[in-house]
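Chemist: Compute the structure for the input listed below.
(one chain, ligands or ions: 3)
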Amino acid sequence: MCDECEDHHPDHSLAAPNRRKVLLAGASLVAAPLLAGAATGAQAEQAQSSVGNGPFPARAYSAASATSPLVPMQIERRAIGPNDVFLDVLYCGICHSDIHHVRSDWGPDRYPCVPGHEIIGRVQAVGSAVTKFKVGDIGGVGCMVDSCRTCENCLADREQNCLMGATLTYNSPDPISGGHTFGGYSDKIVVPEHFVIRIPPGADLAATAPLLCAGITTFSPMQHWKLAGGQRVGVVGLGGLGHMAVKLAVARKADVTVFTTSPGKIADARRLGAREAVLWSDTEAMKRLANRFDLVIATVPRAFPMQQFVDVLKLDATLVNLGALEDLQSVSGRSLVFGRKSIAGSVIGGIAETQEVIDYCAARNIKADIELIQPEEINRAYDRVVNKDVRYRFVIDMASMKPVAGSRGGST
Ligand code: NAP
Ligand code: ZN
Ligand code: ZN
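Modeler: Ligands and ions are numbered 1, 2, ... in the order given. From the prediction side, this is the model:
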């Protein structure tokens, strides 16, 4: 099933390369007025560009199926439209969602799959109507590259909850080029300026990339549930999202407890600023912590036993599930009713809020703990993430990507 539109039809995927080619070919001709944001010839000529107007060949890492490793391939990026920003990708984080997509964990997905939605790049060209960026600026792209921009959620800066379904950075139907979107495991990307985040000067670029998904995804619930200094917050799972949740909660002077399944992460949790770290299996500690927490943020990548984390919530408190998309495991209705407790979910954050977390982190020197890897190391990194052995985000040095064998390579 398509997780964006819930279409069960096996032909739903628009991945057919022919369709992509046809749409690209028509983009600057008759089809242009129908394709919001696509460049017309005249508009494209006005792009500020040292690289031409495109479309552009780009190098990428992609998976051909749910069981294939990621390998180099050449893709095409669309011509620069009037509102588009063309970025040379410098860094891209590896989110567990990338692995879920590549491996079709959430149901049959789209292939070839070029993942990546924690993107930092340098602006190489901008469309004629772009005001937010100029050539040479640093921009960030998170999980979305478009949305309808007219529904009530988009108008309220909640593009992630777009009622038409936001266009995700990868594996979403691509309304401009046809086919499906390709993400940041690539050396170039073209994105509407509204969906490009300004990266403040002086930022540690590689360690800032994970803020574009892991950072915003954990910041947004803290904002929504108004996590305040002195309040008690639990973080379940110390991985990419979890370690950012700890850092962001500590920055708010909240009292942080990490719930982990990995004894080896207990010391790290304290180093990151948590007051305490508890193994799920430590029933004594779990009992001691009952009815204590104002907010629990769960980052476990699949359905997990929730009752023990409902039990640690105090009156009126909320358990926010960020990771599990499957049916959730059963929870006692009694425990929710008598404690007026809630179980909620949350997905990334809007563009304005993503800019907010980037600026918030820059002002406080908050960044991810990363392992910088070469593109050739992606498959090994995936295995380490799945084995809970990431400390705490892999970031790919995309600028070091080599030319794809047998291709002309990129245009820069
Ligand atoms: P990650 O780096 O792999 O971290 C997940 C952590 O959860 C692991 O390090 C591990 O922590 C724990 N864990 C892993 N497998 C587990 C299992 N089978 N049972 C119990 N605990 C387990 O993943 P991530 O990138 O932070 O992403 C976490 C989840 O959030 C993924 O499912 C991802 O798709 C999802 N996500 C959601 C959003 C959103 O908008 N809602 C955004 C991004 C990602 P310990 O070793 O400490 O136990
Ligand atoms: Zn992500
Ligand atoms: Zn919308």
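
Chemist: The residue in the chain positioned nearest to ligand 1: what's it in contact with?
Modeler: Distances between the chain and ligand 1 by C-beta to the nearest ligand atom are smallest at residue 239, namely 1.8 Å. Where you see a C-beta, it was placed from the backbone N, CA and C, and this is true even at glycine. With contact taken as C-beta atoms under 8 Å, 6 or more residues apart in numbering, residue 239 is in contact with 96, 299, 301, 385, 388, 390, 392.

Chemist: Same list, those residues, but only the ones touching ligand 3.
Modeler: Subset of these in contact with ligand 3: empty, counting by C-beta under 5 Å from the ion.

Chemist: can you list those in TSV and add neighbour count?
Modeler: Below are the contacts of residue 239 laid out as TSV (neighbours: other C-beta atoms under 10 Å):
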residue	neighbour count
96	24
299	24
301	20
385	19
388	15
390	21
392	22
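
Chemist: where's the dip in pLDDT among these?
Modeler: Within the set of those, pLDDT is lowest for residue 390 (94).

Chemist: doesn't it fall inside a strand?
Modeler: No - Residue 390 is assigned coil when assessed by DSSP: H, G, I helix; E, B strand; the rest coil, not a strand.

Chemist: can I assume it is in contact with residue 373?
Modeler: No - between residue 390 and residue 373 there is no contact under C-beta atoms under 8 Å: 10.8 Å.

Chemist: For the residue of the chain closest to ligand 1, give its distance to residue 214.
Modeler: 9 Å (C-beta to C-beta, to the nearest Å).

Chemist: Ok, residue 232 next?
Modeler: From residue 232 to residue 214 the distance is 22 Å (C-beta to C-beta).

Chemist: neighbour-wise, which of those two wins?
Modeler: residue 214 (31 against 21; other C-beta atoms under 10 Å).

Chemist: coming back round to it: touching both of residue 390 and residue 373, which residues are there?
Modeler: residue 381.

Chemist: near ligand 1 too, which of the contacts of residue 239?
Modeler: 96, 299, 301, 385, 388, 390 (C-beta under 6 Å from any ligand atom).

Chemist: Columns distance to ligand 2 on top of these, output as CSV?
Modeler: Below are the ones next to ligand 1 among the contacts of residue 239 laid out as CSV (distance: C-beta to the ion, whole Å):
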residue, distance to ligand 2
96, 7
299, 11
301, 11
385, 12
388, 17
390, 13
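
Chemist: what residues does whichever helix or strand residue 123 is part of touch?
Modeler: Element membership for residue 123 (DSSP states H and E) is strand 119-126. Residues from elsewhere that reach strand 119-126, judged by C-beta under 8 Å, 6+ apart: 47-53, 80, 84-92, 133-142, 169, 183-184, 188-189, 193, 199, 205-206, 208-209, 212, 412.

Chemist: Tell me the helix or strand right after that strand.
Modeler: With secondary structure assigned by DSSP H and E, strand 119-126 is succeeded by strand 138-141.

Chemist: so where do the strands sit in the stretch 201-350 of the chain?
Modeler: 232-236, 255-260, 276-279, 293-298, 313-321, 342-345 (DSSP state E, counting those that start in this stretch).

Chemist: With ligand 3 as the reference, name the closest of these.
Modeler: strand 342-345 (18.7 Å; C-beta to the ion).

Chemist: If you average the pLDDT over that closest one, what comes out?
Modeler: 98.

Chemist: List the contacts of the closest residue to ligand 2 within the stretch 51-200 of the chain.
Modeler: Relative to ligand 2, the nearest point of the stretch 51-200 of the chain is residue 95 (3.0 Å; C-beta to the ion). Residues near residue 95 by C-beta under 8 Å, 6+ apart: 115, 117, 118, 210, 213, 214, 240.
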